[in-house]
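>>> I would like the atomic coordinates for the input below:
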Amino acid sequence: MSALNATLPSTPTDVTRNRWGVVAACTAIMLAEGFDLLIYSNAIPSLLTDALIGLDKSGAGVVGSMAFAGMLVGGLMAGRLVAWLGLARVMLTGFLVFTAATAAVAYIGSAWQLGALRLGAGLALGLVLPAALSLARGHVQAQHGALAISIVMSGLPLGGMLAALVSREIIPSGGWRPLFLAGGVLGLVLVVVVAPLVIRAARDLAATASSIDGGPWRAVFTRASKPVLMIGTLATLADLLTWYGVATWLTQLMREFEIPFQGAMQLMFTLSIGAIVGSLCTAALAIRLGTRPVAMAAGLVACACLLAIASRSLPGWGLFAVVALLGMSAISAQNLVNALVADAFPAQHRATAIGITLGLGRLGAVAAPVLGGQILAAGHGPSWVLVAFAASALLGTALLLGLGRARIQASVDSLR
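Numbers count the residues shown, from 1 in each chain. Below you'll find the predicted structure:
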């Protein structure tokens, strides 16, 4: 970190401002990504009634998985592309691609075109996320790593909250097409704002002794690091199955619970608010109590919330409270898994490691929309969808038992 500080302004105040300014820029990028991912969830009820597109519930689940399938591939490619092109080029090019793909959805005429564009957007999103997390983590002190990553990841639910607000205003009067066009406009505005800071920050980080180019990507696989990558991948898979399952299907599930569309949108907004607050609160707790125990507690709370919603016994105010708590816990579990993985690898291998765990872990996000759609199409009802996602939250918690401090330190030592 001392080498990094030498490239930044000399006064402590300016150094701190620069560091957290980079975190803020990465958070803005994630906001656009969160908006992109969540508008599809909000658009599902409208898409199902559009005869031109011809989607049923099962098909909506498959199309929803396309973005996450693209993110899987993008995540696996991220480490090699960052080493080749640099953090700034990967982040900004990916940002522009998913912005263009999102806007293009407004002009489609068939379900396969929708799926293809969601796949392309997901590919770009998969490249951007590990690069952004690596850039933010590289600009803060070690003890603030979990906080920096959680702040960046809070951009996803912040984008989801914005998506819920925009959807509530646009869909009833204009349908689903203007919603995707709005996502393109948002991305274009944000990329213009953050590009200068991202380019400067990536250049500063690349100039340090811990270069982003860590050599061949296979170097990340040591005897000590392989268990971390395996556990991180499986925990990510389980947590993303939970989070993106809820994020994709909550609007439709609440409609199946006979809650009006506006009420379902308010619940989506509540989920996003909870996720933002939870991301920051659990990161602060992780600094005091440790990352792993807080991540495990968050997974258990998410499981309990999903089972409570599935019971359909909550009063109206209780449903909003539990959905808020679900947002706080479900996203936090995944944020803290990312932080654990980041802490287990030196800076030069961090983008590759996060790309691997997030990339392969995206299988959970790919499966989540399909799983929800298949359960509903089979006639088992919305409660069973929530029970399935609760089971994955419990699995993600159990996996973290194998990711202790000694294993993380051994991984770091093996790569120095």
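>>> my read is that Asp239 contacts Val337, right?
Yes. Under the criterion of C-beta atoms under 8 Å, Asp239 makes contact with Val337 at 6.1 Å. For glycine as for every other residue, the C-beta is placed from the backbone atoms N, C-alpha and C.
>>> quick check: neighbours shared by these two?
Listed as contacting both Asp239 and Val337 by C-beta atoms under 8 Å, 6 or more residues apart in numbering are Gly396.
>>> contact partners of stretch 167-184?
When contacts are defined by C-beta under 8 Å, 6+ apart, stretch 167-184 is touched by residues 32, 35-36, 39, 42-43, 46-47, 50, 99-100, 102-107, 163, 166, 261-262, 265-266, 268-269.
>>> now do the buried residues in it.
Buried residues in stretch 167-184, counting neighbours by 16 or more other C-beta atoms under 10 Å, are found at 167-168, 170-171, 176-177, 179-184.
>>> list the buried residues in stretch 148-166.
Applying 16+ other C-beta under 10 Å to stretch 148-166 flags 148-164, 166 as buried.
>>> typo on my end, it should be stretch 122-141
Under the neighbour-count criterion of 16+ other C-beta under 10 Å, stretch 122-141 has 122-140 buried.
>>> just give me how far the longest helix that the chain contains sits from the chain centre.
For the chain, the longest helix by residue count, based on DSSP state H, is helix 12-48. Relative to its chain's centre, helix 12-48 lies at 9 Å (C-alpha atoms, centre = their mean, to the nearest Å).
>>> can you give me the helices in the stretch 1-150 of the chain?
Here the stretch 1-150 of the chain has its helices, by DSSP state H, counting those that start in this stretch, at 2-7, 12-48, 57-85, 87-104, 111-137, 145-153.
>>> by mean pLDDT, show me the worst of the ones you listed.
Of all the helices of the stretch 1-150 of the chain, mean pLDDT reaches its minimum on helix 2-7 (a mean of 34).
>>> now stretch 269-287 - C-alpha only, CSV.
Written as CSV, here are the backbone C-alpha positions of stretch 269-287 (Å, rounded to 0.1, in the frame of the first residue of the first chain):
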residue,chain,number,x,y,z
PHE,A,269,-38.3,-1.2,-3.7
THR,A,270,-38.3,-2.4,-0.1
LEU,A,271,-36.0,-5.4,-1.1
SER,A,272,-33.6,-3.0,-2.7
ILE,A,273,-33.6,-0.5,0.2
GLY,A,274,-32.9,-3.4,2.6
ALA,A,275,-30.1,-4.6,0.4
ILE,A,276,-28.4,-1.2,0.4
VAL,A,277,-28.7,-0.7,4.2
GLY,A,278,-27.7,-4.3,4.8
SER,A,279,-24.6,-4.1,2.6
LEU,A,280,-23.2,-1.2,4.6
CYS,A,281,-24.3,-2.4,8.1
THR,A,282,-22.9,-5.9,7.6
ALA,A,283,-19.7,-4.6,6.3
ALA,A,284,-19.3,-2.4,9.4
LEU,A,285,-20.1,-5.4,11.5
ALA,A,286,-17.5,-7.5,9.6
ILE,A,287,-14.8,-5.0,10.6
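>>> in it, what counts as buried?
Going by neighbour count (16+ other C-beta under 10 Å), the buried part of stretch 269-287 is 269-280, 282-283, 285-286.
>>> show me these that map onto strands.
Nothing among the buried residues of stretch 269-287 maps onto strands, per DSSP state E.
>>> what's the most distant pair in those?
Using C-beta to C-beta, the two most remote members of the buried residues of stretch 269-287 are Phe269 and Ala286, lying 26.0 Å apart.
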